[in-house]
Every structure is written in C-alpha cells, then in structure tokens.
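Trainee: how would this look folded up:
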Amino acid sequence: MLNKIKFRSKTTVLWMLLYFGSYTSFEFTHKESETQMSKTRTVSIKGIWLKISKNECDKSYPAKIRFGENGIYQALEKPESVFYTWDVGTYEMKDNAKILVSCANDKIESYKIKFSRDESECTITLGKQCHLVYKRIS
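Mentor: Numbers count the residues shown, from 1 in each chain. You can find the predicted model right below:
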C-alpha cells in the first residue's frame with residue numbers, strides 16, 4: 001500500500017525519500033506567490049544633496065552633502081567654524097526606510113528616511129520634532 005503525502009519543498013521531498021525509501025509516493029505542491037519576486041524597488045541616495053529645511057534643530061547638519069557609490073558620504077562647502085554631526089564617514093541604506101550614518105563622534109546612528117515619489121527630495125527624521133529635508137541636485 002502506498003501512502004500519499006504533500007510537501008511544498010523539494011528538499012523536504014528528497015529527505016523524506018531517503019528516510020522512507022520507495023514505499024511512499026510524494027506530491028509536490030507549488031504556489032505561484034512563493035516564487036514571484038518582490039516588486040519593491042531599491043531607492044538610491046547616491047548623489048549630491050542640498051539642504052532645504054531651515055529648522056533650528058538641523059543646523060549641525062551640512063548644507064550640501066555627497067553620498068558616494070562606495071558607501072562614503074562627505075559634507076561639501078563646510079565652513080571651518082561650524083561643527084557638523086555629519087562631516088565625512090560611511091552610510092548604509094536599510095529597507096528604503098532607514099539609513100545608518102557614521103557621525104563625527106564615530107557613533108553609527110540610525111535614522112528614518114523617506115523619499116518623494118520622484119526621489120528628488122528626502123526627509124530624514126532626526127528626532128520626534130526634527131526633520132532634515134534635502135533636495136537632490138545631481
């Protein structure tokens with residue numbers, strides 16, 4: 001007598017065949033949704049950005065910043081008398097909604113980030129009451 005068992009994974013079927021031998025038949029079920037690729041597009045922050053927000057809380061962030069191809073950012077046109085939280089360091093995008101930035105004090109900070117539909121602007125949340133807004137210029 002043959003037993004019929006349904007599995008969703010080919011690996012599981014192979015292991016079961018090795019364990020039970022040829023006395024059992026298997027039926028492999030396949031769901032279309034399991035094989036479809038996610039349609040979420042990765043947003044790129046690479047380029048040069050100009051700060052357009054004028055909040056009291058964002059004064060220690062650069063007016064112009066470049067996010068490079070290699071995961072390194074750099075403040076541009078930095079006045080010598082100003083201490084920037086982001087001067088030069090590394091960055092990493094996470095899930096299109098978060099950015100990790102190494103700050104001037106060598107601490108890696110995590111910020112929420114939101115892009116406009118056309119990706120020409122981004123808003124970085126510094127705290128509950130402070131938002132840093134940049135416009136892409138290249």
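Trainee: just give the closest residue to the residue most central in space within the chain, not the sequence neighbours.
Mentor: Residue closest to the mean C-alpha point of the chain, counted by Cα atoms, centre = their mean, is K94 at 2.1 Å. Leaving out its chain neighbours, the residue that sits closest to K94 by Cβ to Cβ, 6 or more residues apart in numbering is L100, at 6.4 Å. Bear in mind the C-beta positions are built from the backbone N, C-alpha and C, glycine included.
Trainee: domain assignment for this structure?
Mentor: 3-33, 47-136 (automatic domain parsing).
Trainee: returning to what we had before: could you report the pLDDT at the residue nearest to K94?
Mentor: pLDDT, L100: 97.
Trainee: what lies in contact with the helix or strand hosting it?
Mentor: Using DSSP states H and E, L100 sits in strand 98-102. With contacts defined as Cβ atoms under 8 Å, 6 or more residues apart in numbering, strand 98-102 is touched by 45, 73, 86, 89-94, 108-113, 124.
Trainee: give the ChimeraX command for selecting the buried subset of those.
Mentor: Restricted to buried positions by 16 or more other Cβ atoms under 10 Å, the ChimeraX selection for these reads:
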select :45,73,86,89,91,93,111,113,124
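Trainee: which of the contacts of strand 98-102 lies closest to K54?
Mentor: Nearest to K54 out of the contacts of strand 98-102 is I124 (Cβ to Cβ; 14.7 Å).
Trainee: ok, what's across the strand from that closest one?
Mentor: Counting by DSSP bridges, I124 forms beta bridges with I113, L132.
Trainee: on that earlier part again, how near is the residue nearest to the centre of the chain to D118?
Mentor: 22 Å (Cβ to Cβ, to the nearest Å).
Trainee: the nearest residue to S102 once chain neighbours are set aside pairs with what?
Mentor: Once flanking residues are discounted, S102 sits nearest to G89: 3.6 Å by Cβ to Cβ, 6+ apart. Here G89 sits in beta bridges with Y73, going by DSSP bridges.
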